[in-house]
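In: Here's my sequence, what's the structure:
(2 chains)
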Amino acid sequence: MERMRIETPIPADMASSLRVGQAFEIYGKILCGRDAVLPRLVKMVSEDTLGDLAAHLEGSVIFHTAVSPAGIGPTSSNKVEIEGSIVPLSTAGVRVHLGKGAIGADTVSGLSANGSVFAVTPPATALFMDKIVSQRVLAFPEEGMEALFEVEVAGLPAIVAAAQGESIFG
Amino acid sequence: MTPYDKIVSAAKEALITAATTFREDQYRAYERAVERETNEPSRWATQAMIENAHIAAAKKYPLCDDTGIPHVILEVGTEVQLHGNLIAAVLEGVAAGQRVLPTRPMGLKGSDEERLSQRGGLSDDPAAVVPPAIMVRSVPGHELRITMLLLGGGPEIRSQTYRVFHERSAENVIREAGRWAVEAAARLGCTPMVPCIGIGRTHYEATTLMLQAMQEGDFDHQNDWEVMVADMVNSTGTGSLGLRGSVTALGSFIKVGPQRASGVRIACMRPGCAIDPRRGTAVLSGAELGE
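Out: Here you go, the predicted model:
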C-alpha cells in the first residue's frame, strides 16, 4: 500500500489535504500522551498557560500512548479523557491525533472545523521499537509512563480514519 | 535447582512467553484472515500484526506496550505433593518475568483514594503490577501446570458480565453474548478480535470460565457456537483496526460450566483484542518438584 511521507511539524495545508483512507508514515518529533496528561494540556489551552509547550503543539502529532520500557502502542482514543482532548487540542495546533477505536460524530466534525485529522495505527509495539529514534519527557514527569513525552520517530505507519467531516467508522 | 526455584523459573518463562509469542494456531488464524480480507487497508493492518509477532518472538519484545495484568491459573495434579510456598514461588516468578521483559510500570501507589483517583503516583517497578487472586484447579496426574494470561486494558473497557434469560434455548444465551461482542467490535480499535465467553451460575464463576476459555481456546478447532459468534462479529464489517473489511474476529472461545436450575444464566464476555489470548504455559513434572 502506497504511503505518503509526513514530516513534523506538519504544515496546515498538508493536514487539511488529508483524506479518509490515506496511508502515511511519520518522520520527526511527535508528542505522546494519554488519559493523565491530555486533560491537563486542555486546561492549559483554555487558561492560556501553555507557555513553551505552545510551540510544541503547533503542527504536531499527538500519539495516544504511554511511553515505557515496554515500548509504545495505541491506547483507546474513545476513552472520555482522550476523546475530550481531541477538538480542544486541535484548536491549539495539533494536526494529527493518532490512536485507535471509533470516535464520535461531534469529534469528527470538530476535527474538520480545525483542519485536523484522526488516524489509527496497529497495536504493533515490537514493530515500532526500531522506529523510535529518541525520547524524552517533555512535561508532567510525575505521571510516570503517562507523562507527556516527545518521541522522535522514523517511519511510524498510520491511516487516516477521520478527516474533512468524514469518518471510516460511519 | 530446588523445586522452589524451578517453580519461579517456570512462572517467569510462562509470563515472557505470554507477552512475546503467538502460538501456531494464532499465526494460522492470521494467515487465513489475510487470505479472506478484501479491503486493502485492513489487510495491511492484519499483515502488520503478523510482522509484529515475528519481531516480538525473535527479539523478546512485548507484542503490545500494554503488557497487561497477569492472571495466573494453576492446575495441580492430584498426585503432586504441594508445598506451602507454591504460591510464593509463582508470584516471585511473575515478578522476575515482569522485570526481565520488561513489562510496563503501571502499578499505582497510595491509599484507596489515591489509587482510585491516580493521585498517588506510579511505581517505577514493573513488578508492582501484581496478579489478582490466583485460580487453582485440581486435575488428574503428576504435573503442575502454570498458565499465565496477560489481560490488557482495551478489552476490559468493553467486557461485561450479566444475566441472560435462556428461555429453554442454549442458542439464546450464546447469541446474547455474541450481541455484546458485536457492540464491542467497533469501539475496541484493536481488531481483529476474539470474543472470549464464559457461562456459569454466578458472576465469579462466569468470569473464571471466561478465563478458562482464554486458556483453552484454539483457533484451529472452533465449535458451532464459536463459529456463530465469530460470524456475528464479522458481519459488522468493522475489519482490522476498524478500517472496514471482512475479518473483524479471528474466532471466538466459549466455555460453558455447571448451570443452575433457573431461567437465568450468567455470561461473561471479554472482547479479546488482536493479540489475545496472550498466554504462556509451563509444565513441571512430579519428579522436577522433588517427589
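
In: which element is the nearest residue to residue B:241 once chain neighbours are set aside on?
Out: Once flanking residues are discounted, residue B:241 sits nearest to residue B:45: 4.5 Å by C-beta to C-beta, 6 or more residues apart in numbering or on different chains. For the C-beta atoms, the positions are set from N, CA and C on the backbone; glycine is no exception. Per DSSP states H and E: residue B:45 is located in helix B:40-59.

In: ok, and what's touching the helix or strand just after that helix?
Out: Using DSSP H and E, the helix or strand that follows helix B:40-59 towards the C-terminus is strand B:69-77. With contacts defined as C-beta atoms under 8 Å, 6 or more residues apart in numbering or on different chains, strand B:69-77 is touched by B:11, B:15, B:18, B:82, B:86, B:90, B:94, B:98, B:129, B:131-132, B:134-151, B:211-212, B:215, B:286.

In: Please apply the same query to stretch B:79-89.
Out: The contact list for stretch B:79-89, computed with C-beta under 8 Å, 6+ apart, reads B:3-5, B:7-8, B:11, B:74, B:76, B:134, B:141-144, B:286, B:289-291.

In: sorry, back to before: restricted to buried residues, select the contacts of strand B:69-77 in ChimeraX.
Out: Command for ChimeraX that selects the buried part of these, burial taken from 16 or more other C-beta atoms under 10 Å in any protein chain shown:
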select /B:11,15,18,86,90,94,98,129,131,134,135,143,144,145,146,147,148,149,150,151,211,212,215
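
In: List the ones among the contacts of strand B:69-77 that fall in helices.
Out: B:11, B:15, B:18, B:86, B:90, B:94, B:98, B:211-212, B:215 (DSSP state H).

In: Touching, the residue nearest to residue B:241 and residue A:122? I think so.
Out: Yes. Taking C-beta atoms under 8 Å as the definition, residue B:45 is a contact partner of residue A:122 at 5.0 Å.

In: which ones are touching the residue nearest to residue B:241?
Out: A:122, A:159, B:240-241, B:243.

In: Mind giving me the packing neighbours of the helix ranked longest in chain A?
Out: Of all the segments of type helix in chain A, defined by DSSP H, the longest one is helix A:80-91. Applying 3 or more C-beta pairs under 8 Å, 6 or more residues apart in numbering or on different chains; DSSP states H and E, one finds that helix A:80-91 contacts helix A:38-47, strand A:94-99, helix A:105-113.

In: May I see the buried residues of the last one?
Out: Applying a neighbour-count criterion of 16+ other C-beta under 10 Å, one finds A:107-108, A:110-112 buried in helix A:105-113.

In: try stretch B:260-278
Out: By 16+ other C-beta under 10 Å, the buried positions in stretch B:260-278 come out as B:265-278.

In: so where is chain A shaky, pLDDT-wise?
Out: For chain A, no stretch has pLDDT under 70.

In: Tell me where the stretch 151-291 of chain B has helices.
Out: B:153-157, B:170-188, B:203-216, B:224-234 (DSSP state H, counting those that start in this stretch).

In: Which residue, neighbours along the chain excluded, lies closest to residue B:7?
Out: residue B:89 (3.8 Å).

In: quick one: that neighbour from chain A, how far?
Out: 25 Å (C-beta to the nearest C-beta, to the nearest Å).

In: Run a quick neighbour tally on that residue.
Out: Using other C-beta atoms under 10 Å in any protein chain shown, residue B:89 has 21 neighbouring residues.

In: Residue B:220 now?
Out: 12.

In: right, and it touches residue B:25 too?
Out: Yes. Between residue B:220 and residue B:25 there is a contact under C-beta under 8 Å: 4.5 Å.

In: Return the residues of the stretch 51-200 of chain B in contact with chain A.
Out: Counting by C-beta under 8 Å from any C-beta of the partner chain, the residues of the stretch 51-200 of chain B lying close to chain A are B:51-53, B:55-56, B:59, B:61-67, B:101-106, B:118, B:121-122, B:124, B:126, B:153-154, B:157, B:186-190.
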